[in-house]
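Chemist: Provided below for reference: sequence and predicted model.
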Number of protein chains: 2
Amino acid sequence: MSIKGNAVYAQSGGVTSVINASAYGVIKAAMEADFIENIYAGLYGINGILEDKLIDIARESKEAIEGLRYTPSAAFGSCRKKLPSLEENRADFERIIEVFKAHNIRYFFYNGGNDSMDTAYKISQVSKELGYEVISIGVPKTVDNDLPITDNTPGYGSVAKYNAVAIREGSFDVESMHRDSTKVFVLESMGRHAGWIVGATGLAATSEKDGPHLILFPERDFDQSDFLAKVDETVAKIGYCVVAVSEGVHREDGSFLADSGLKDSFGHAQLGGAGAAVSDIISRELRLKVHTAILDYCQRSGRHIASKTDVQQAIACGEKAVSLASEGKNGYMPVIFRESNSPYTWAINEAPIFEVANREKEVPDDYIREDGYHITDLFREYATPLIEGEDYPPYKNGLPQYVRLKKALIPPKTK
Amino acid sequence: MSIKGNAVYAQSGGVTSVINASAYGVIKAAMEADFIENIYAGLYGINGILEDKLIDIARESKEAIEGLRYTPSAAFGSCRKKLPSLEENRADFERIIEVFKAHNIRYFFYNGGNDSMDTAYKISQVSKELGYEVISIGVPKTVDNDLPITDNTPGYGSVAKYNAVAIREGSFDVESMHRDSTKVFVLESMGRHAGWIVGATGLAATSEKDGPHLILFPERDFDQSDFLAKVDETVAKIGYCVVAVSEGVHREDGSFLADSGLKDSFGHAQLGGAGAAVSDIISRELRLKVHTAILDYCQRSGRHIASKTDVQQAIACGEKAVSLASEGKNGYMPVIFRESNSPYTWAINEAPIFEVANREKEVPDDYIREDGYHITDLFREYATPLIEGEDYPPYKNGLPQYVRLKKALIPPKTK
């Protein structure tokens, strides 16, 4: 029998197009669960718990809750806070348990990536030590797709689709223009440590002419002269070249290309990006006209072009989190399991958060072409079903109608 | 009675999401017109005519022609070539007429912006002088929306929608994250001389919290201390700030912010963008965490989020071009006429190319808020119907299925 009590859901880390779809899954399931009395949300993630600022989900309209399905970003506010260990920072954990106790919170759902799973794991551990029973469940989320065990992470399919669409469209552009204008188009994708996102641009290339022609992975060292030779070769062969660059691309000595060494007139280092750095190298060394796109936040919040698969999996992970809670699976999280590639079928399984937190899954060697500059068929097989399907938000006056919540707080019960 | 003969269509200038929709309109109407025998296209715009490289449209599949409706970029190849006057460059014009004669081309449809309309106009004038009758018709196209007379230009509605969607999504992102991460999000839009595109981001703001909070127009001088005070004020008030920057934003002395004065280690000037420059100023002077998105080509080729109004008008302008040809209206072009705002209705009229070419339409003063940092209701009334409606391309394997033409050339008849 599950203990009866209240639940709190909170969002953490960089946002995605579908983290609110997971929130929707958690909330809908929690509302139907008889062991959960009230469901609250932390305002700005774990901050809201530390500060006793809990959003009363019951005061949100039915339309707003439905709108979470198709609203990007973190509707309850996210955070970048990572809790140190109990030994280093007993006060924070005692405070969390104090707030949980005061509001009779017995279920904690933490929706985030690597660092957030670490927090969810720590809470799953300390509750016993501090003598208050609470079930802590992780809900996976990250555009980076770098969590182990789960086949992919909610958020990845949509950012992958966004990037693949952007490079297809940008490639058509430069193909049209290269005759007497731009010769090279550089697009910078997110993913500082893992090349899952930049690799997804490769899905847009189905013939020799299709961009991207070259992909720069953070899993490979950047070799400037080798890279420039490839750009040169591509331009000589088809007239232009499209390059997808991970923000995390680095030299052999580990230094990021984004640290471009550029200085402004005051001598301050310039805030550069890897895309600008790569474009600058091409322009300077090959004397070619280059254009650069930096998608930045637009890619991870680009809900208008979300993957349907991704939306469905995000909701399913949210629902599963509540079913794990009902089974008392403290310290567990839902993970996506790939049953088959063709047709693509999947199921939601579970795994101990401990096995997922604080470990990063890079793109495997056999997913990257031997020369390091493109994806293999294995990557293609893996990622194609994840970008499959469209799930358009509703529009009004030409714009997507995303919801903003009231975020009314319940009265604090602690100081 | 119209003279019977062949027609050539060509694309010029920067591409858009819907220039191929205009091509579709021209081609479909030309195929039905009894005064046009064969329809060809210039390979890379006017270059294809100068080089006697004419694409045989009859050899494209029916599916490919249909696909032009929803394929971004310039399917026949575009160019950046602007012809000097007949006095300065008689040879080019004689060459064009030579190729026209050799292929019995009596109709010339030139699809482009300001510079291209100048070319179409010159050809409309010289044909008589050089003793060969050809009807030269302009077809308007430019994301910049800077052509006079026409209420708007095909291409603008879609880039406006792309930018408004991007800033809405990016604003939701930073609103979620600002508590302990990014405080300012800067998005750079195209439009070197006119602020139509950057102004369209303003459509996304319907409440005080909505980004963009500040818009930097090329029609206003950039005043650094005044701007920084506004950013500071916005962050103090709502916790974060979203800034939309035109690539053409400049200081009082006329110097572009994009010329940031940054130098690399070799002393070469850095290829910057206005967005990076503005972000750098905010980061350095206000010590706030800033993120920057540069949409670049993705915005003007972002057909996946095209405006339905824009697609319809682009097709209608193409069709109208053929009907102007049938009336022998040498030196004319279709223009979009706004019949009413609410409900928004429009018609395609005509205007002499001469009145349109080589003049730029900036954003009027009363479309820009008095302090210079946002749009007024007049801008909103003007631009809202232009981004109205969605017109999604077909998808396969998660990606839009844009067409690439065969571009088979007819045998050259000149040397």
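Modeler: The structure has been received and is ready for your questions. Residues are numbered from 1 along each chain as shown, chains lettered A, B, ... in the order given.
Chemist: most distant residue from the centre of chain A?
Modeler: Farthest-out residue of chain A from its mean C-alpha position, per C-alpha atoms, centre = their mean: A:Asp180, at 38.5 Å.
Chemist: quick one: the helices in the stretch 301-415 of chain A, in order.
Modeler: Applying DSSP state H, counting those that start in this stretch to the stretch 301-415 of chain A gives helices spanning A:308-326, A:353-356, A:377-383.
Chemist: quick one, which of the ones you listed is nearest to A:Ile123?
Modeler: Closest approach to A:Ile123 among the helices of the stretch 301-415 of chain A (C-beta to C-beta): helix A:353-356, 9.6 Å. Every C-beta, even on glycine, is put in place using the N, C-alpha and C of the backbone.
Chemist: does A:Leu83 really touch A:Ile46, like I thought?
Modeler: Yes. Contact criterion C-beta atoms under 8 Å: A:Leu83 and A:Ile46 qualify, at 7.0 Å.
Chemist: count of neighbours near A:Pro412?
Modeler: Neighbour count of A:Pro412, defined by other C-beta atoms under 10 Å in any protein chain shown: 13.
Chemist: how about A:Asp259?
Modeler: 14.
Chemist: likewise for A:Glu129?
Modeler: Counted with other C-beta under 10 Å, residues neighbouring A:Glu129 total 11.
Chemist: now the residue farthest from the centre of chain A, nearest residue through space, not along the chain?
Modeler: B:Arg80 (5.0 Å; C-beta to C-beta, 6 or more residues apart in numbering or on different chains).
Chemist: now do A:Ser61
Modeler: Closest residue to A:Ser61 apart from its sequence neighbours, by C-beta to C-beta, 6+ apart: A:Lys406 at 8.0 Å.
Chemist: show the contacting residues for that neighbour.
Modeler: By C-beta atoms under 8 Å, 6 or more residues apart in numbering or on different chains, the contact list for A:Lys406 reads A:59-61, A:64.
Chemist: and it, how close does it get to A:Ile46?
Modeler: Going from A:Lys406 to A:Ile46 by C-beta to C-beta, to the nearest Å gives 21 Å.
Chemist: A:Val15 too?
Modeler: 15 Å.
Chemist: who's more crowded, these two?
Modeler: When A:Val15 and A:Ile46 are compared for neighbours, A:Val15 comes out ahead with 29 against 26, by other C-beta under 10 Å.
Chemist: helix/strand/coil for A:Ile96?
Modeler: State at A:Ile96, reduced to three classes by DSSP: H, G, I helix; E, B strand; the rest coil: helix.
Chemist: which secondary structure element contains the residue nearest to it when sequence neighbours are not counted?
Modeler: Spatial nearest neighbour of A:Ile96, excluding adjacent residues (C-beta to C-beta, 6+ apart): A:Ile49 at 5.5 Å. Assigned by DSSP states H and E, A:Ile49 falls within helix A:46-50.
Chemist: is it fair to say A:Ile123 lies in a helix?
Modeler: Yes. Looking at A:Ile123 with three-state DSSP, it is inside a helix.
Chemist: the contacts of A:Lys406 into JSON lines, with extra columns for distance to B:Gln312, secondary structure and neighbour count?
Modeler: Formatted as JSON lines, the contacts of A:Lys406 follow (distance: C-beta to C-beta, whole Å; DSSP: H, G, I helix; E, B strand; the rest coil; neighbours: other C-beta atoms under 10 Å in any protein chain shown):
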{"residue": "A:Arg59", "distance to B:Gln312": "43", "secondary structure": "helix", "neighbour count": "13"}
{"residue": "A:Glu60", "distance to B:Gln312": "38", "secondary structure": "coil", "neighbour count": "20"}
{"residue": "A:Ser61", "distance to B:Gln312": "35", "secondary structure": "coil", "neighbour count": "11"}
{"residue": "A:Ala64", "distance to B:Gln312": "34", "secondary structure": "helix", "neighbour count": "16"}
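Chemist: how many neighbouring residues does A:Val278 have?
Modeler: By other C-beta under 10 Å, the residues close to A:Val278 number 29.
Chemist: likewise for A:Leu288?
Modeler: Neighbour count of A:Leu288, defined by other C-beta under 10 Å: 18.
Chemist: OK, contacts around it?
Modeler: A:183-184, A:231, A:235, A:282.
Chemist: against chain B, how distant is the closest residue to it other than its chain neighbours?
Modeler: Distances taken as C-beta to C-beta, 6+ apart put A:Lys183 closest to A:Leu288, at 4.3 Å, once the chain neighbours are dropped. Taking C-beta to the nearest C-beta, to the nearest Å as the measure, A:Lys183 falls 12 Å from chain B.
Chemist: state the pLDDT value of A:Lys183.
Modeler: With respect to pLDDT, A:Lys183 has a value of 96.
Chemist: quick one: contacts for it?
Modeler: Contacts of A:Lys183 by C-beta under 8 Å, 6+ apart are A:174, A:235, A:239-241, A:288-290.
Chemist: from memory the residue farthest from the centre of chain A sits against B:Tyr44, does it?
Modeler: Yes. Counting by C-beta under 8 Å, A:Asp180 touches B:Tyr44, with 7.4 Å between them.
Chemist: what's the closest of the contacts of A:Leu288 to chain B?
Modeler: Set against chain B, the nearest of the contacts of A:Leu288 by C-beta to the nearest C-beta is A:Ile282 (10.0 Å).
Chemist: distance of the closest one from A:Gly328?
Modeler: 57 Å.
Chemist: name the nearest residue to A:Asp223, ignoring sequence neighbours.
Modeler: Nearest residue to A:Asp223 in three dimensions, chain neighbours excluded: A:Glu252, at 7.5 Å (C-beta to C-beta, 6+ apart).
Chemist: likewise A:Thr384?
Modeler: Nearest non-adjacent residue to A:Thr384, counting by C-beta to C-beta, 6+ apart: B:Asn397, 5.5 Å away.
Chemist: that neighbour against A:Ala383, yeah?
Modeler: No. Between B:Asn397 and A:Ala383 there is no contact under C-beta under 8 Å: 10.2 Å.
Chemist: the two - which one has more neighbours?
Modeler: Neighbours were counted for B:Asn397 and for A:Ala383 using other C-beta under 10 Å; A:Ala383 has more, 25 against 13.
Chemist: got the contact list for the more buried one?
Modeler: A:160, A:196, A:199-200, A:203, A:375.
Chemist: compute the number of surrounding residues for A:Arg251.
Modeler: Residues lying near A:Arg251 (other C-beta under 10 Å) number 13.
Chemist: which strand or helix spans the closest residue to A:Tyr110 other than its chain neighbours?
Modeler: Of all residues not flanking A:Tyr110 in the chain, A:Ala120 sits nearest, at 3.9 Å (C-beta to C-beta, 6+ apart). Using DSSP H and E, the element containing A:Ala120 is helix A:114-129.
Chemist: also A:Phe100?
Modeler: A:Phe100 belongs to helix A:90-102 when assigned by DSSP H and E.
Chemist: okay, the angle between that helix and helix A:114-129?
Modeler: Counting by axes from the mean of the first three to the mean of the last three C-alpha atoms, to 10 degrees, helix A:90-102 lies at 70 degrees to helix A:114-129.
Chemist: what lines up beside the very next helix or strand once past helix A:90-102 in the sheet?
Modeler: Next along the chain after helix A:90-102, taking DSSP H and E as the criterion, comes strand A:105-112. Paired neighbours of strand A:105-112 in the sheet (DSSP bridges): strand A:5-11 (parallel), strand A:135-140 (parallel).
Chemist: for A:Thr150, give me its contacts.
Modeler: A:Thr150 is in contact with A:140, A:335-336, A:351, A:356, counting by C-beta under 8 Å, 6+ apart.
Chemist: can you do 6 Å?
Modeler: A:Thr150 is in contact with A:140, A:335-336, counting by C-beta atoms under 6 Å, 6 or more residues apart in numbering or on different chains.
Chemist: which residues does A:Gly155 contact?
Modeler: Contact analysis of A:Gly155 by C-beta under 6 Å, 6+ apart lists A:16, A:18, A:141-143.
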